[in-house]
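Student: missing the sequence, but the structure's below:
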């Protein structure tokens, strides 16, 4: 893929480019905690978007989406949201650098990669992060990784129209091979924890179900969480989000809660605790304990937060019955997408066979299965002649 993108750049633009990459990500535990100022536990993976870039002196940005075979051009001074959806991810990043007072002259870019679309590995964040890293390095702007992460997030807000949290961009920018990142979504403090995959693998299975309910139900969940916070703030001055709430606080005022709001809040409080406990398990090398927490996360997402679907639940149920599987859960916003499963390396083939023989997507096909390795965050690629 890297060589194909480099060759395409040379064919289109007649020059030797610099090469960069940004990875997709998985999230091991910590779902829907980000907008509640809680903890998440993502990792960068070995699926990535690759960029070939070089400044030009033509006064025009010239982009080519390798996987789509589509081109886009615009004047150097005309950085505005376009009708070409994929170009907005790139334009949005340029706009953030310029808003911060940085000079970003026109350049040529070819990008493409193997981050699967619709599999919950955040291909859009990888595009934004890779573009930010390339611009910063290419022009020697000296912007740090956290600021570039925020640029990438704001590009998604302002140019792609998705009001996402910061986890996806953060993991793509700050990933570290062999480690997960515990990110505090309130302070943006983070810490790495080892995930020695010598004897284990992470495997994603795509339900084939589109997230058709995700946006409207997401807004409802946010409103439920905010209602819970508002109730508890009457009694606790320390509560500004569900991050500040304990199980004891919830229990003390349970009778005052709407039952649905209580379930939502109870899940978030428990999920934050699962991230903390999961990090302790990883630090101790206790993979069975970590796997149990993954199952607990899915149970909460399915029964309390109610963002699963029958297909996700079915895949987790199949996983439970396969020897060597330590834990499995839905990953992402819910109502479709993927499960993520932690499994002994020697049992991966058995797991994949069990899935293929027991599960078909809604349109009757075998599900897509991705084995992922935890890798580094965004960086520059060596160009070999």
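Tutor: Now that the structure is in, tell me what you want to look at. As the structure is a prediction and not an experimental result, all values here were calculated from the model.

Student: Residue 64 belongs to a helix?
Tutor: No: membership of residue 64 in a helix is not supported by DSSP: H, G, I helix; E, B strand; the rest coil, which gives strand.

Student: which residues does it contact?
Tutor: Residue 64 makes contacts with 8-9, 12, 70-72, 109-111, as judged by CB atoms under 8 Å, 6 or more residues apart in numbering. (Each C-beta comes from the backbone N, C-alpha and C, glycine too.)

Student: List the contacts of residue 16.
Tutor: By CB under 8 Å, 6+ apart, the neighbours of residue 16 are 10, 54, 383.

Student: before we move on, the earlier item: can I have the buried ones of the contacts of residue 64 as a ChimeraX selection?
Tutor: Taking 16 or more other CB atoms under 10 Å as the burial criterion, the selection of buried members of those in ChimeraX is written as:
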select :8,9,72,109,110,111
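
Student: any chance of the contacts of residue 64 in TSV, with pLDDT too?
Tutor: Supplementary listing: the contacts of residue 64 in TSV, determined by pLDDT from 0 to 100:
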residue	pLDDT
8	96
9	96
12	96
70	96
71	97
72	97
109	98
110	98
111	97
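
Student: Can you tell me which of the contacts of residue 64 end up in helices?
Tutor: Among these, the members falling in helices are 8-9, 12 (criterion: DSSP state H).

Student: ok, those residues vs residue 186, which is closest?
Tutor: residue 9 (40.8 Å; CB to CB).

Student: The closest one contacts residue 107, correct?
Tutor: No: between residue 9 and residue 107 there is no contact under CB atoms under 8 Å: 11.1 Å.

Student: Could you tell me which residues touch both of the two?
Tutor: With contacts taken as CB under 8 Å, 6+ apart, the residues that reach both residue 9 and residue 107 are residue 54.

Student: Just give the number of residues close to residue 74.
Tutor: Using other CB atoms under 10 Å, residue 74 has 18 other residues around it.

Student: where does it land in three-state SS?
Tutor: With three-state DSSP as the basis, residue 74 sits in strand.

Student: thinking again about what came up before, adding neighbour count, distance to residue 245 and pLDDT as columns, could you present the contacts of residue 16 in TSV?
Tutor: Written out in TSV, the entries for those read as follows (neighbours: other CB atoms under 10 Å; distance: CB to CB, whole Å; pLDDT from 0 to 100):
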residue	neighbour count	distance to residue 245	pLDDT
10	15	56	96
54	17	51	98
383	13	51	82
